[in-house]
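Trainee: Okay, structure incoming, though there's no sequence with it:
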């Protein structure tokens, strides 16, 4: 058998195992709809850059007002073309972003950013407001950071009037990415879309830290933390079949279990660095429960066991042990408690899971896949 035939046989075997695995999770009927939906082109909306004059942005999109509409389920302006069927078309409904007349660090700020509406929805879950300190722990390529900035730095939107005699607290955005090449791309995207003064005054900073190492970040510091964790990216694996299928061949059923160990450590960092009362949004673009609800469940279980041990230690101590107690707290063993947050009104797209919400492309709108869970630190 020739090398090509051997390669084809391996690919077919891998595809069969992949489909069997996810069929066992979603059921035959659901997977028969979800799998072809994931094989289709990713649908994008146009996030309008509010740091650029609105007329200039809309003129760049390349569609008539009657052909586009604003997404109703997000608070920042995101446009989608009406009746555009991306299942049968690879053409993008909007023109590519262009530099505007508003100057930034890299020339004119770009007019709009093309991204999946489910990714914008994740930033809505953060409940961003001006004046907050926010960490995007795994931020590359930067789309979600750009979306966060739209709501965080509203004082720089054209036409915004600063209240007289009132000091306005300006928030901060810390965008972190461990991979050097991805961090370079992240920094470039942020500088192309966000105003220069935010970088010059260090209201936006980018770092290259290992997100699993808490020591790189100030503990109990941020009001909000977004953890868009590295994941199995099953949609990307499915699409790789058209490019030789190497990633499909390398896929294995235990892949999610392996990457979930890293996701769990990242979530550990995210909760430790958020303030009491602050929110952590854990997100992935995976369709595997092992990387989604199971990671949140594992973290809550770990937290409960740790807290029980700590409380037992405290019960055995006398009043003269304050020094030892402070040492224990300093090593990060103090009691941390979280609660899963569910919005009463829910979300306009997607479906509920045990600990969060997932948007899948076989449903109306064809957005996703994207999972997220909202956690509030309560102690």
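Mentor: Done, it's in. These numbers were taken from a predicted model, which means no experiment stands behind them. Residues are numbered from 1 along each chain as shown.

Trainee: quick one, phi/psi of the spatially closest residue to residue 142 that is not a sequence neighbour?
Mentor: The shortest distance from residue 142 to any non-neighbouring residue, by Cβ to Cβ, 6 or more residues apart in numbering, is to residue 189 (3.7 Å). Just so you know, the C-beta spots here come from the backbone N, C-alpha and C atoms, and that holds for glycine as well. With angles defined as degrees, to the nearest 10, residue 189 sits at phi -60, psi -40.

Trainee: quick one: buried residues of the host helix or strand of residue 34?
Mentor: Residue 34 is part of helix 28-39, with elements assigned from DSSP states H and E. With burial defined by 16 or more other Cβ atoms under 10 Å, the residues of helix 28-39 counted as buried are 31, 34-35, 37-38.

Trainee: Check stretch 108-122 too.
Mentor: 109-122.

Trainee: Pick out the most distant pair among the residues you listed.
Mentor: Among the buried residues of stretch 108-122, the pair separated by the greatest distance (Cβ to Cβ) is 109 and 118, at 24.7 Å.

Trainee: quick one, what contacts the residue nearest to residue 142?
Mentor: Residue 189 is in contact with 141-143, 146, counting by Cβ atoms under 8 Å, 6 or more residues apart in numbering.

Trainee: hey, which strand is longest across this protein?
Mentor: For the chain, the longest strand by residue count, based on DSSP state E, is strand 274-284.

Trainee: Give the next helix or strand downstream of that strand.
Mentor: Downstream of strand 274-284, the first helix or strand assigned by DSSP H and E is helix 293-315.

Trainee: List the contacts of that next one.
Mentor: Taking Cβ under 8 Å, 6+ apart as the rule, helix 293-315 contacts 229, 260, 263-264, 267-268, 271, 282, 325, 328, 333-338, 340, 353-356, 371, 373, 375.

Trainee: Try it again at 6 Å.
Mentor: Residues outside helix 293-315 that contact it (Cβ atoms under 6 Å, 6 or more residues apart in numbering) are 260, 263-264, 267, 333, 335, 353-355, 373.

Trainee: Flag whichever of the residues you listed scores worst on pLDDT.
Mentor: Lowest pLDDT among those: residue 333, with 48.

Trainee: for the stretch 1-150 of the chain, which spans come out with low pLDDT?
Mentor: Along the stretch 1-150 of the chain, the parts satisfying pLDDT under 70 run over 1-7, 65-66, 83-92.

Trainee: The stretch 151-300 of the chain now?
Mentor: For the stretch 151-300 of the chain, the stretches with pLDDT under 70 are 163, 165.

Trainee: What separation is there between the closest residue in space to residue 267 that isn't next to it in sequence and residue 368?
Mentor: Distance criterion Cβ to Cβ, 6+ apart; nearest residue to residue 267, sequence neighbours excluded, is residue 299 at 5.0 Å. Here residue 299 is placed at a distance of 23 Å from residue 368 (Cβ to Cβ, to the nearest Å).

Trainee: more neighbours, these two?
Mentor: The neighbour comparison of residue 299 against residue 368 (other Cβ atoms under 10 Å) goes to residue 368, with 27 against 24.

Trainee: give the contact list for the spatially closest residue to that one that is not a sequence neighbour.
Mentor: Closest residue to residue 368 apart from its sequence neighbours, by Cβ to Cβ, 6+ apart: residue 359 at 3.6 Å. The neighbourhood of residue 359, defined by Cβ under 6 Å, 6+ apart, consists of 118, 349-350, 367-368, 370.

Trainee: Which ones among the contacts of residue 189 map onto helices?
Mentor: Among the contacts of residue 189, the members falling in helices (DSSP state H) are 143, 146.

Trainee: between the contacts of residue 189, which is nearest residue 223?
Mentor: residue 146 (18.7 Å).

Trainee: burial measure for the residue lying closest to that closest one once chain neighbours are set aside, as a count.
Mentor: Closest residue in space to residue 146, ignoring its immediate chain neighbours: residue 193 at 4.9 Å, by Cβ to Cβ, 6+ apart. Under the neighbour criterion other Cβ under 10 Å, residue 193 is assigned a count of 26.

Trainee: about what we covered before: can you list the buried residues of helix 28-39 in a markdown table and add distance to residue 15?
Mentor: Below are the buried residues of helix 28-39 laid out as a markdown table (distance: Cβ to Cβ, whole Å):
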| residue | distance to residue 15 |
| --- | --- |
| 31 | 13 |
| 34 | 15 |
| 35 | 10 |
| 37 | 16 |
| 38 | 13 |
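
Trainee: With that, I have no additional questions.
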